[in-house]
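Undergrad: Model the structure of this input:
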Amino acid sequence: MGDKTMTADEAVARLESGMTLGIGGWGARRKPMTLVRALLRSGIGDLTVVSCGGPDVGMLAAAGRISHLVTAFVTLDTIPLEPHYRAAREGGGLRLTEVDEGMFLSGLQAAAQRLPFLPVRAGVGSDVMRVNPRLRTVTSPYEDGETFVAMPALRLDAALVHVDRADRLGNGRCLGPDPYFDDLFCEAADAAYVSCERIVDTAELTKDAAPHSLLLKRLAVTGVVEAPAGAHFTSCAPEYGRDEEFQRCYASTAWPEFAERFLGPDEDAYRTAVHEWRKEQGR
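TA: Numbering: from 1, shown residues only. A predicted model of the protein is given here:
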């Protein structure tokens, strides 16, 4: 329960190939990109990734690190379908389990509660059952006799999330308007690694805090990584918005070229490469 601070590389060193990895955030919003880039610099692969996907999924899929993806969508928000993910999927590079957002939420809730599944109306009467033939239904044992989708728990070996503030114990605060599913990712995982814009004392973390902003509890967090601008190029409201210009560069650049230029040996090299790119653009 003591100091859980570590570097991004130290957090990734605790992961292994073949794991089921949950990645927090939503599309191109508050993704733990410093941790994702550290993962890309490692040799870890053959991952089952559970994510409301954005460039985290796009990059890992393009690099051949994902063998199985569980998702409700993969988007860059202002670019509806993540292009590097699309290329990997069209090339047959990964297996896909695509579920409704409500089912995704229920799967994480079931895992967080250590239940094998939860009944959910989402998906009933849709093609989700056709494209996922392994899914089952359950019938209510009460008078209503209603049939539900039995959404299996999305148990995770590890989770990666990003928040605005955290203390050294693993408590995390979200300053933006939407917590997404980040708390559930941590609770559904055997180990959770949290990057944050800034590490603060616990007293500062709770000062003048709305109850809903205290998103992560230390009991569900294994490691804390201080990573200023750690969600770039996705947004981290209210700290910064999505870097739309750089996102367009990412989306329009062939993956080998993008990786060679921007995925250097460490995060400092990434920042330097982005700075040099901005100078070239006259920014």
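
Undergrad: all contacts plus neighbour counts: C-alpha atoms, from now on.
TA: OK.

Undergrad: Break down the stretch 1-150 of the chain into its strands, ranges please.
TA: Applying DSSP state E, counting those that start in this stretch to the stretch 1-150 of the chain gives strands spanning 20-23, 47-51, 66-71, 95-98, 117-120, 136-139, 147-152.

Undergrad: The fifth one pairs with which strands, and in what direction?
TA: In this case it means strand 117-120. Sheet pairing of strand 117-120 (DSSP bridges) gives strand 147-152 (antiparallel).

Undergrad: Figure out how far the strand it pairs with is from the centre of its chain.
TA: 24 Å (C-alpha atoms, centre = their mean, to the nearest Å).

Undergrad: Other residues contacting the helix or strand just after it?
TA: Using DSSP states H and E, the helix or strand that follows strand 147-152 towards the C-terminus is strand 156-166. Strand 156-166 has contacts (C-alpha atoms under 8 Å, 6 or more residues apart in numbering) with 15, 19-25, 30-32, 35, 111, 172-175, 182, 185-186, 188-200, 202, 205, 224, 230-231, 236, 239.

Undergrad: Extract the C-alpha trace of strand 156-166 and format it as CSV.
TA: Output of strand 156-166 as CSV, limited to C-alpha atoms (Å, rounded to 0.1, in the frame of the first residue of the first chain):
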residue,chain,number,x,y,z
LEU,A,156,-8.1,-8.7,-17.7
ASP,A,157,-4.6,-9.7,-16.8
ALA,A,158,-3.6,-6.0,-16.8
ALA,A,159,-5.1,-2.6,-17.5
LEU,A,160,-3.6,0.7,-18.7
VAL,A,161,-5.4,4.0,-18.0
HIS,A,162,-4.6,7.7,-17.9
VAL,A,163,-6.0,10.3,-15.5
ASP,A,164,-5.4,14.0,-14.7
ARG,A,165,-4.0,13.6,-11.2
ALA,A,166,-2.9,10.7,-9.0
